[in-house]
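Visitor: okay, here's the prediction I keep looking at, along with the sequence it came from:
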Amino acid sequence: MLVHLGVRNFALIDRLALEVPPGFVVLTGETGAGKSITFDALAMLLGGRARADVIRSGEDEAVVEALFEVTDAARDVVREVLDAAGLEPTDEVLVRRVISRSGRNRVFVNDAVSTVATLERLVPPLLDLIGQHQHLTLTRADAQRDLIDAAGGLGDEVQAMADAWGALRAARAELAGLEEARAQRAERIEYLRFQLAELDALALEPGEFDALEAKLGRARNLDKLRESVRRAAGALTESNRAASVSLGEAVEALRRASAIDPELGDLAARVDELSVLVDDLGVDLARHARDLDDDVDLDALESRHEAVRKLMRRFAVDDEGLIERHTEMRDELSRLENFEASHEGAQRAVKTAEATAREVADRLHALRREAAKGLFTRAAEPLAALGMPAARLELSDPPADARPGPHGYEGFEIRFGANPGEPAGPIGRVASGGELSRLLLSLKTALLDADPTDTLVFDEIDTGIGGPTGEVLGRLLSDLGDGRQVLCVTHLPQVAAFGDAHFAVSKRTEGDRTVSRLTRLDDRARLEELARMLGSVEADGVPLDHARHLLDRARRSSRT
């Protein structure tokens, strides 16, 4: 639940530190005092677009922050989002958004730098905003679809539809690519055959280019190599002062000396072993020098090296990439030469994907019909309580020729009938503004069992509602606040009377600046605010009695 809300330099608010109690909390105030600014500030924490014009005049930045206590209902989702963002999961979440005139806007989660994308995932499970104009979304097909999916908990089925649609799109793209290639097929085959002729003739093997460059480097320096090897062999075994001669002399000297010092016998044996090894090395070096005479032909090496480099330049790849391109072109040629088989296979893949998509869409729509039926049944009671006992909701079928899309079948809609004997029609055409507000609240109420969000914020949801229905609305919102936290910006005293806590927004001038203030009302101040909302200029006498009567009725109603 929302524990604390802090706002600085946002619109008319220079500073606000609000400790938010649980239950049903009402915010009231005169028109233009800034009642909805708090709602707008919270929208920033849901990832709303940050505009510089929300920053208080004369200030460089605005700050909105909120502290949430994470309850069991949202804990798993919140921990998943925090973990994905590299943040430590906690039972309290502090989110802060800083909006700057310079455009360097910042987001913080638990005092760590974060992103708007993280806010968009993290805050919605904790906070839901229902604005005074949100009832208009009921006229949109996508909003109606989302309501029904939420009511039925159809997230897995909706994802299955998205996956099936993705597979169908991929199959169609493959078929379209083949059909597009049909016109250029002969030209492409000729091109591939020409390129493959060189690649096939080259027959480059993995690792061959490195070995080729090594051989070529040796071949280009053959004379130097031969001379160096011969000199090494001569130094070991062939000259008068060769290593083998010196070692032989050393062996003889040590053997003679060992007659006097026996320990030198071991040293003589070791030098003798070294002499044998030097002789062997001399023989090997001489053989290597002779073999260099018969090494790989330099012209052939140069020719192959250039052939490989030419094709590497042509395809702008290294030797490994050239081998990969060879394989890819060979596979492409095979497909084109067997075009009819590939085309028929792609056609079969599209038909299979279409059948799967239609099957998933059929199943999803059947589940939507069941979900809508349950949603409409649950919404009937609050609709009746809000003065619309004869109202009915129906879900139309998609057109007979509808095809599956990414969200299943399109073209179905929620239809609304307010009066007996009159046919139901599209919500946007047959429902008034007041009816749309009542519809939205009733549907939101019906969705609560499927909605884990603990904090609901309503901004003048009572638009188009008045009189006795206002009291019913207040009782309904109060019931929503039982076990949840409900904040409501309202202009109806009948609604405000039901609040477990009452805050008043006022606008006044301090110095040469206009500021908006939010104050929690005590019992006396609350009576005076209700009297003002009832239309009294002076909060005394009959208006106060009327306000007191509203409070008493609300308290008795809440106890029952």
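Guide: Good, I have the coordinates.
Visitor: CA only for contacts and neighbour counts going forward, please
Guide: Fine.
Visitor: and the one helix or strand Ala547 maps to, what does it pack onto?
Guide: Assessed by DSSP states H and E, Ala547 sits inside helix 542-559. Judged by 3 or more CA pairs under 8 Å, 6 or more residues apart in numbering; DSSP states H and E, helix 542-559 is in contact with helix 468-480, helix 523-533.
Visitor: list of residues touching that helix?
Guide: 475, 478-479, 493-494, 497-498, 527-528, 530-531, 534, 536 (CA atoms under 8 Å, 6 or more residues apart in numbering).
Visitor: again, but for stretch 2-16
Guide: With CA under 8 Å, 6+ apart as the test, stretch 2-16 has contacts from 17-21, 34, 37, 41, 53-57, 59, 61-69, 126-127, 455, 485, 514-518.
Visitor: could you redo the last one with a cut-off of 6 Å?
Guide: For stretch 2-16, the external contacting residues (CA atoms under 6 Å, 6 or more residues apart in numbering) are 17-20, 54-56, 62-68, 515-516.
Visitor: model confidence over that stretch, on average?
Guide: Mean pLDDT, stretch 2-16: 89.
Visitor: pLDDT weak spots in the stretch 51-200 of the chain?
Guide: 131-137, 183 (pLDDT under 70).
Visitor: which residue ranges of it form helices?
Guide: Taking DSSP state H, counting those that start in this stretch as the test, the helices found in the stretch 51-200 of the chain are 72-84, 116-122, 141-152, 155-183, 185-202.
Visitor: from the chain's centre, how far out does the third one sit?
Guide: When you say that, I think you mean helix 141-152. 21 Å (CA atoms, centre = their mean, to the nearest Å).
Visitor: helices or strands up against it?
Guide: The helices and strands touching helix 141-152, judged by 3 or more CA pairs under 6 Å, 6 or more residues apart in numbering; DSSP states H and E, are helix 339-385.
Visitor: the helix it packs on: what's the following helix or strand?
Guide: Sequence order places strand 392-395 as the next helix or strand after helix 339-385, per DSSP H and E.
Visitor: what about Glu65, neighbour count?
Guide: 23 (other CA atoms under 10 Å).
Visitor: find the nearest non-adjacent residue to it, please.
Guide: Closest residue to Glu65 apart from its sequence neighbours, by CA to CA, 6 or more residues apart in numbering: Arg96 at 4.1 Å.
Visitor: which of the contacts of helix 542-559 tops the neighbour count?
Guide: Within the contacts of helix 542-559, Phe498 tops the neighbour count with 29 neighbours, counted by other CA under 10 Å.
Visitor: double-check that it belongs to a strand.
Guide: No - using DSSP: H, G, I helix; E, B strand; the rest coil, the assignment for Phe498 is coil, not a strand.
Visitor: who touches it in this structure?
Guide: Neighbouring residues of Phe498 by CA under 6 Å, 6+ apart: 474, 554.
Visitor: can you give me phi and psi for it?
Guide: When read as degrees, to the nearest 10, the backbone of Phe498 gives phi -90, psi -10.
Visitor: coming back round to it: mind checking the helices of the stretch 51-200 of the chain for the one nearest to Arg106?
Guide: Across the helices of the stretch 51-200 of the chain, Arg106 has its closest neighbour in helix 116-122 (8.5 Å, CA to CA).
Visitor: is Pro426 bridged to anything, and to what?
Guide: Beta-bridge partners recorded for Pro426 (DSSP bridges): Arg415.
Visitor: that one contacts Phe412, doesn't it?
Guide: No - counting by CA atoms under 6 Å, Pro426 does not reach Phe412; the two are 10.2 Å apart.
Visitor: contact partners for the residue nearest to Glu65?
Guide: Counting by CA under 6 Å, 6+ apart, the residues that Arg96 touches are 64-65, 107-108.
Visitor: roughly how far apart are the most centrally placed residue in the chain and Gly47?
Guide: Computing the C-alpha centroid of the chain and ranking residues by CA atoms, centre = their mean puts Ala117 first, at 7.1 Å. To Gly47, Ala117 is 7 Å away according to CA to CA, to the nearest Å.
Visitor: likewise Val123?
Guide: 9 Å.
Visitor: below-threshold pLDDT in the stretch 301-450 of the chain: ranges please.
Guide: Applying pLDDT under 70 to the stretch 301-450 of the chain flags residues 449-450.
Visitor: switch to 80 and redo it
Guide: Residues of the stretch 301-450 of the chain meeting the criterion pLDDT under 80: 335, 337-340, 342, 421, 428, 431-437, 440, 448-450.
Visitor: just to revisit the earlier point, now for the contacts of helix 542-559, which pair is the farthest apart?
Guide: The span of the contacts of helix 542-559, defined through CA to CA, is set by Asp479 and Ser536 at 28.7 Å.
Visitor: how many residues are close by Gly155?
Guide: 12.
Visitor: any idea how many residues pack against Glu157?
Guide: Neighbours of Glu157 under the rule other CA under 10 Å: 19.
Visitor: over to Glu190?
Guide: Neighbour count for Glu190, taken as other CA under 10 Å: 12.
Visitor: ok now do it, which residues does it touch?
Guide: For Glu190, no contacting residues are found, by CA under 6 Å, 6+ apart.
Visitor: can you rerun that using 10 Å?
Guide: Contact analysis of Glu190 by CA atoms under 10 Å, 6 or more residues apart in numbering lists 196, 333.
Visitor: offset the numbering so it begins at 10, please.
Guide: Okay, residue one is now 10; in that scheme the one you just asked about reads as Glu199.
Visitor: which other helices and strands contact the strand or helix carrying Glu444?
Guide: Per DSSP H and E, Glu444 falls inside helix 442-455. Under the contact definition 3 or more CA pairs under 10 Å, 6 or more residues apart in numbering; DSSP states H and E, helix 442-455 sits against strand 136-139, helix 150-161, helix 348-394, strand 423-426, helix 436-439, helix 477-489.
Visitor: next structured bit after it?
Guide: Downstream of helix 442-455, the next assigned helix or strand under DSSP H and E is strand 464-468.
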